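>>> The amino acid sequence is not available; the structure is as follows:
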């Protein structure tokens, strides 16, 4: 029996995916296998629980949704890999800070495979290349289980980030993998990132699936 299910879901609408995450977390018990959902979203801004309206500068035609994760406002769109982590923390002997560290280091290792030198910061969740942010994190824990997760900018239209203060930081510059590896594909990065997340979670029997 697998101890982790990894789903490759392609592009999925945000609201339906968020509802599915909440339902999965609310209904799970000790017998339910942890899951990672890897996907992309259509263009949308999400505002975390502590989000302040002043950080949304000019959303224009892009919807803004208030959600139940930590953090401030961020942008999701095609060309960005989003991974949601439905993890039973006690089962894996993880605290929330340890899970955040595992996610950040998986991202750093993935980027290192592409000769991109990235790092996390103690003062701000996420992963950075120099002064620019390449990946964002936002988690929620309910009943000892995590949901929400990470967003890695790969090959996307970066203009919508200029309409917000990303993660609540005015003037923060954002970057993406394509800035350093011009011919990058979502598919190549997805597999590398999934491998690194699985390794960090120390999963030994993994069930990879396409779709729900």
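That came through, no problem. Small disclaimer: the values here were computed from a predicted structure and weren't measured. Numbers count the residues shown, from 1 in each chain.
>>> and residue 102, that's in a strand?
No - the assignment for residue 102 (DSSP: H, G, I helix; E, B strand; the rest coil) gives helix, which keeps it out of a strand.
>>> So what's the predicted local confidence for it?
Among the per-residue scores, residue 102 holds a pLDDT of 95.
>>> Least confident secondary structure element in this protein?
Using mean pLDDT, DSSP states H and E, the weakest-scoring helix or strand in the chain turns out to be strand 124-129, at a mean of 91.
>>> tilt between the helix or strand that that one is followed by and strand 124-129?
For strand 124-129, the following helix or strand on the C-terminal side (DSSP states H and E) is strand 132-142. If you take axes from the mean of the first three to the mean of the last three Cα atoms, to 10 degrees, strand 132-142 sits at 150 degrees to strand 124-129.
>>> any idea which element the residue nearest the centre of the chain lies in?
Geometric centre of the chain, nearest residue: residue 150, 1.3 Å, by Cα atoms, centre = their mean. Using DSSP H and E, residue 150 maps to strand 145-153.
>>> what angle separates that strand from strand 132-142?
170 degrees.
>>> helices or strands next to strand 145-153 in the packing?
helix 14-27, strand 80-86, helix 96-112, strand 132-142 (3 or more Cβ pairs under 8 Å, 6 or more residues apart in numbering; DSSP states H and E). Where C-beta positions appear, they are placed from N, C-alpha and C, glycine not excepted.
>>> Run through the bridge partners of the residue lying closest to residue 37 once chain neighbours are set aside.
Excluding the flanking residues, the one nearest residue 37 by Cβ to Cβ, 6 or more residues apart in numbering is residue 84, at 4.4 Å. Note on residue 84: beta-bridge partners by DSSP bridges are residue 37, residue 149.
>>> neighbours around residue 50, how many?
10 (other Cβ atoms under 10 Å).
>>> pretty sure it is touching residue 68, no?
No - counting by Cβ atoms under 8 Å, residue 50 does not reach residue 68; the two are 11.1 Å apart.
>>> which residues does the residue nearest to residue 37 contact?
Contact analysis of residue 84 by Cβ atoms under 8 Å, 6 or more residues apart in numbering lists 17, 21, 36, 37, 39, 147, 148, 149.
>>> strands paired with the least confident helix or strand of the chain, and their directions?
Going by DSSP bridges, the partners of strand 124-129 are strand 119-121 (antiparallel), strand 132-142 (antiparallel).
>>> of all those, which gets the most neighbours per residue?
strand 132-142 (a mean of 21; mean count of other Cβ atoms under 10 Å).
>>> Also compute the angle for that one relative to strand 80-86, please.
Using the same axes, to 10 degrees: strand 132-142 against strand 80-86 is 20 degrees.
>>> hmm, who's touching strand 132-142?
Contacts with strand 132-142, where a contact means Cβ under 8 Å, 6+ apart, come from 25-26, 46, 48, 68-71, 74, 85, 89, 96, 99-100, 103-104, 107, 111, 116, 118, 125-128, 146-153, 166-167, 172-177.
>>> Buried only: go through the residues you listed for me.
25, 46, 48, 69-71, 74, 85, 89, 99-100, 103-104, 107, 111, 116, 118, 125-128, 146-153, 166-167, 172, 174-177 (16 or more other Cβ atoms under 10 Å).
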